[in-house]
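Asker: the following comprises the amino acid sequence and a computationally predicted model.
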Amino acid sequence: MKRYEEIIKVIERRAKQGELTAGSKLPSIRALSQEFNCSRNTIIKAYQELESRHLIYTVPKSGYYLVGDYPLLHDDFNKGAKIDFFSAGPDRSGMPYQDFKHCLNQAIELYKEDMFMYSEVQGLHSLRDTLARHLRDLQVFVPPGRIFVVSGSQQALHLLVKLPFPNGKTNICVEQPTHNSFIESLKLEKATAYGIEVTSSGIDFDRLEHLFKQHEIKFFYITSRFHNPTGYSYSNSEKKRIVELAQKYDVYIVEDDYMGDLEFRLKQDPIFAHDPSGRVIYTKSFSKVLLPGLRLGLTVLPEAMKKHFSLAKYASDLHTPVLTQGALEIYLKSGMYDAHIKNMREIYKEKSAILQQACEDYLPSSVTYSRSLSGFYITIFLPASLKANQLINDLSRENVFVGNAENMFLPEFKKDHILRLSVSHVEKEKIPAGVQKIADGIRRLSCEKK
């Protein structure tokens, strides 16, 4: 190891141990050269290397400063003891930090003038061109003019809840369960919502037709692939049937294809691809497969809705940040995104298979669970006499963390005996042991109830 690299290690260790904190001024070049008995050039080399990694920054005529806090040394130890089925962000081990850092740095150079002014409400035109090409691979063929770049797909969903629709209707149909943030949007906007249950065999089409016919539904919100929390994916015939009913009763469909990139089955297209009438509003997020902190997504709108949506988005946040838009554009154009998705698809496919097998091997016969071919989530249905919260608390004391699906229901559908498991953060080697602990916890609670 070279001398300047040894000095870098010492500085990093001091930061991790808390001797240096965010914004702390580092020792002067002269002071460090005396401490390590080396030339000033060696210290300058060490500082330049740390600056190139964006770990320190320089203030002219003042010195060098630490950018942010380093993670505490015991974090890695705690992570090793934890079995995390709760967290729903993407698998950190597969995240392209370095690649995306290059894209961000390029975007700063490419769009440095744009960052001094307000951008287009609809999103950078160059990014929308790139997204239109990207969407073709998902069988979504649209011009850039119908694409809106949004600050995460949840922003689009929230705006759609409160916007008027061309059909003049006001009520919303939603899968039950569905993700909590959409439930919160419904509450906040005081929207009237009607639920349709998602089971292991899909939805009841007679019930769906009844809702469309009787309740003035403006749109049906549906996650067509890798449903949260059940993991269910609709077949092509089911997608076509949904479109037929929507056309028959003048209902729009808001399709959330947040993990469509993970699809590995051939000819499994989104609902949008089955809709010749233009009543499917397609939304897509990059949060679950890239970096959630980017808050980037897109929505494809009918021409008749663009004006209202544009005004609502402008009132919400003016526009999505230019820097992250530019970085995503570079990342997509370079081919890095395609390579990353191929890797993530395999990671989740493998983890999902391990989880399914572990459920089959260890869960008691009194328990049912959903089956997902590849995705983030499954649900475990406890016996009705057991409460999910009690089991979750018991498991947390054993460092096993799982989710409660209770807050993913409309009030009239609410259930308190369903666990949600995500495979995104848990190491694949820990999945069987984690499921075994869940099974042991279920048996223990069941015995206590007798």
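Answerer: That came through, no problem.
Asker: what's the distance between the nearest residue to Leu186 once chain neighbours are set aside and Cys173?
Answerer: Using CB to CB, 6 or more residues apart in numbering and skipping the chain neighbours, the partner closest in space to Leu186 is Ala193 (5.0 Å). (Glycine included, C-beta is placed from N, CA and C.) Distance, Ala193 to Cys173, using CB to CB, to the nearest Å: 7 Å.
Asker: next one: Thr21
Answerer: Distance from Thr21 to Cys173, by CB to CB: 51 Å.
Asker: got it, and Glu189?
Answerer: 15 Å.
Asker: who has more neighbours, those two?
Answerer: Higher neighbour count among Glu189 and Cys173: Cys173, with 24 against 15, using other CB atoms under 10 Å.
Asker: tally of neighbours for the residue nearest to Phe409 when sequence neighbours are not counted?
Answerer: Spatially, and ignoring its direct neighbours in sequence, Phe409 is nearest to Pro177 (5.1 Å; CB to CB, 6+ apart). Burial of Pro177 is recorded as 26 neighbouring residues (other CB under 10 Å).
Asker: I'd guessed Pro177 sits against Gly403; true?
Answerer: No: when contacts are counted by CB atoms under 8 Å, Pro177 is not listed as touching Gly403 (11.2 Å).
Asker: where does Lys284 land in three-state SS?
Answerer: Assigned state for Lys284: strand (three-state reduction, DSSP: H, G, I helix; E, B strand; the rest coil).
Asker: after the helix of greatest length in the chain, which helix or strand is next?
Answerer: Taking DSSP state H as the criterion, the chain has its longest helix at helix 336-362. Downstream of helix 336-362, the next assigned helix or strand under DSSP states H and E is strand 368-369.
Asker: list of residues touching that next one?
Answerer: The contact list for strand 368-369 (CB atoms under 8 Å, 6 or more residues apart in numbering) reads 200, 359, 363, 378-381.
Asker: identify the farthest-apart pair in those residues.
Answerer: The most widely separated members of the contacts of strand 368-369 are Ser200 and Leu363, with 14.6 Å between them, by CB to CB.
Asker: tell me which of these two has more neighbours.
Answerer: A direct count of neighbours by other CB under 10 Å for Ser200 and Leu363 places Leu363 higher, at 18 against 13.
Asker: could you find the closest non-adjacent residue to that one?
Answerer: Among residues not flanking Leu363 along the chain, Ala439 sits closest, at 5.1 Å (CB to CB, 6+ apart).
Asker: quick one: buried residues of stretch 146-161?
Answerer: Within stretch 146-161, the residues scored as buried using 16 or more other CB atoms under 10 Å are 146-161.
Asker: so Phe148 makes contact with Leu301?
Answerer: Yes: with contacts counted by CB under 8 Å, Phe148 reaches Leu301, the gap being 6.3 Å.
Asker: which neighbours do the two share?
Answerer: Contacts common to Phe148 and Leu301, judged by CB under 8 Å, 6+ apart, are Phe309.
Asker: any regions of the stretch 1-150 of the chain where pLDDT drops low?
Answerer: For the stretch 1-150 of the chain, applying pLDDT under 70 flags the ranges 69-80, 116.
Asker: ok, which stretches of it are strands?
Answerer: Taking DSSP state E, counting those that start in this stretch as the criterion, the stretch 1-150 of the chain carries its strands at 56-59, 63-66, 83-84, 147-150.
Asker: quick one: pLDDT of the residue lying closest to Ala388 once chain neighbours are set aside?
Answerer: Of all residues not flanking Ala388 in the chain, Asn404 sits nearest, at 4.7 Å (CB to CB, 6+ apart). Predicted confidence (pLDDT) for Asn404: 94.
Asker: check which residues of the helix or strand Leu311 falls within are buried.
Answerer: Applying DSSP H and E as the criterion places Leu311 in helix 306-317. In terms of neighbour count (16+ other CB under 10 Å), helix 306-317 has its buried residues at 308-309, 312-313.
Asker: which residues are in contact with that helix?
Answerer: Here helix 306-317 has contacts from 121-122, 146, 148, 150-151, 155, 159-160, 162-164, 299, 301, 319, using CB under 8 Å, 6+ apart.
Asker: again, 7 Å this time
Answerer: 121-122, 148, 150-151, 155, 159, 163-164, 301 (CB atoms under 7 Å, 6 or more residues apart in numbering).
Asker: the residue positioned nearest the centre of the chain: helix or strand, and which one exactly?
Answerer: Centre of the chain computed as the mean C-alpha position; nearest residue by CA atoms, centre = their mean is Lys288, 2.9 Å away. Using DSSP H and E, Lys288 maps to neither a helix nor a strand.
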